[in-house]
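Asks: The sequence and its predicted three-dimensional model are supplied below.
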Amino acid sequence: MVISKNINNITQLDRSALTMGSFDGMHVGHMEVINTVKSVAKKKDIPTAVITFDPHPKTVINNNGQEKWFNITSTNKKLEILEQNGIDYIWLVPFDNDFANITAQYFMDNYIIKYFKPEDIIIGYDHHFGNKREGNAEFLTKHSEKYNYKLHVVEPSKIHNISISSTQIRQFIEKCNVESANNFLGWNYELSGQIVKGNGVGNKIKFPTANVNPENKNQLIPGKGAYCVDVLVDNQKYLGMCNIGIRPTLYEKGEIVIEVHLITENALSLLNKNIKLNFKSFIRKEKKYENTNELVKQLELDRQLCISN
């Protein structure tokens, strides 16, 4: 597999099966697109190619004054999934304001056709590209005869009659519904980060925790509450409990902290290590208890729930 941010490092192809998009989440719907690319390429014995973006375009474009944009997946996770699926060429476009101003026609002529010469272009039903989102299925259909490619538009995938989309998955994660998010993603939602030193309160109540500093500051953090997680560190997997919140029983005010308690390992041994948290299930919303004894009782119940799951 060839991955490059510099288009000039990708050999100009004579033919390809190509798709493009942000692919935030690499969810089940995105995988329908990727699988179509692979299927078409296999039938014709031509290379597969993906054009995607880093950072996500919505982190650069004003997004109509909306709040700061948070990704579902890191770029590394997206590339990992594409690599697992055997994609041959990936152009990871360094998206900035200059690139945002490129027209769909310029993008088509100077990048898609010049470097990839696609015999087939595969897109999702809602895909747009180019300045003012002028590039879409209609645009690609209009140019297909001139550039001699066939356009494939992949219709939305659904679960329980709900269309799978990054927007829907983002809502699930924000509302603590990681089970539904995982179902729509096709994999367990994941956060990567480094363990940093906390204030040691967990040790005092015999629930030692490790504080996680997220690797990707633009990645979406699940809603406040307690979760059952798998913790991956040094190629080992441990069962854990994760709490995301301000810890209201212990503090009147505070910033949101991500803490993990390892059920089968001493969390203190993880200091400064890089870990991954795979969110398996939601336990409960964050709550202020009357005292630490009540908190410990709840933590015991949380631990048993994670073990039983």
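Replies: Structure's in. What do you need?
Asks: burial count for E190?
Replies: 19 (other Cβ atoms under 10 Å). Using the backbone N, CA and C atoms, a C-beta is placed for each residue, glycine as well.
Asks: With N199 instead?
Replies: Considering only other Cβ under 10 Å, N199 is surrounded by 11 other residues.
Asks: Let's verify it: helix, strand, or coil?
Replies: Classification of N199 by DSSP: H, G, I helix; E, B strand; the rest coil places it in coil.
Asks: Can you tell me how far it is from T19?
Replies: Remark: distance between N199 and T19 (Cβ to Cβ, to the nearest Å) = 47 Å.
Asks: next one: V33
Replies: Relative to T19, and taking Cβ to Cβ, V33 is found at 5 Å.
Asks: The two: which is more packed in?
Replies: T19 (27 against 23).
Asks: where do the contact lists of V33 and T19 overlap?
Replies: By Cβ atoms under 8 Å, 6 or more residues apart in numbering, V33 and T19 have these common neighbours: I122, I123.
Asks: Let me see the residues that make contact with the helix or strand hosting L140.
Replies: According to DSSP states H and E, L140 maps onto helix 137-147. Helix 137-147 is contacted by residues A104, M108, I113, P118, I121, I123, Y125, H127, G130, K150, L151, V153 when judged by Cβ under 8 Å, 6+ apart.
Asks: redo that, cut-off 6 Å
Replies: Contact partners of helix 137-147, identified using Cβ atoms under 6 Å, 6 or more residues apart in numbering, comprise A104, I113, I121, L151, V153.
Asks: what's the most distant pair in those residues?
Replies: Within the contacts of helix 137-147, two members stand farthest from each other by Cβ to Cβ: I113 and V153, at 19.1 Å.
Asks: sorry, back to before: give me the buried positions along the helix holding L140.
Replies: By neighbour count with 16 or more other Cβ atoms under 10 Å, helix 137-147 contains the buried residues A137, F139, L140, H143.
Asks: JSON lines please, covering the residues you listed and showing pLDDT.
Replies: Formatted as JSON lines, the buried residues of helix 137-147 follow (pLDDT from 0 to 100):
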{"residue": "A137", "pLDDT": "96"}
{"residue": "F139", "pLDDT": "97"}
{"residue": "L140", "pLDDT": "98"}
{"residue": "H143", "pLDDT": "97"}
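Asks: From those, pick the one nearest I258.
Replies: A137 (40.1 Å).
Asks: can you give me the helices in the stretch 151-300 of the chain?
Replies: Secondary structure of the stretch 151-300 of the chain (DSSP state H, counting those that start in this stretch): helices located at 166-174, 178-185, 201-204, 292-308.
Asks: Tell me, how many residues neighbour V2?
Replies: 13.
Asks: again with M241
Replies: When neighbours are counted by other Cβ under 10 Å, M241 registers 23.
Asks: which residues pair with it across the strands?
Replies: Listed by DSSP bridges, the beta-bridge partners for M241 are C228, H261.
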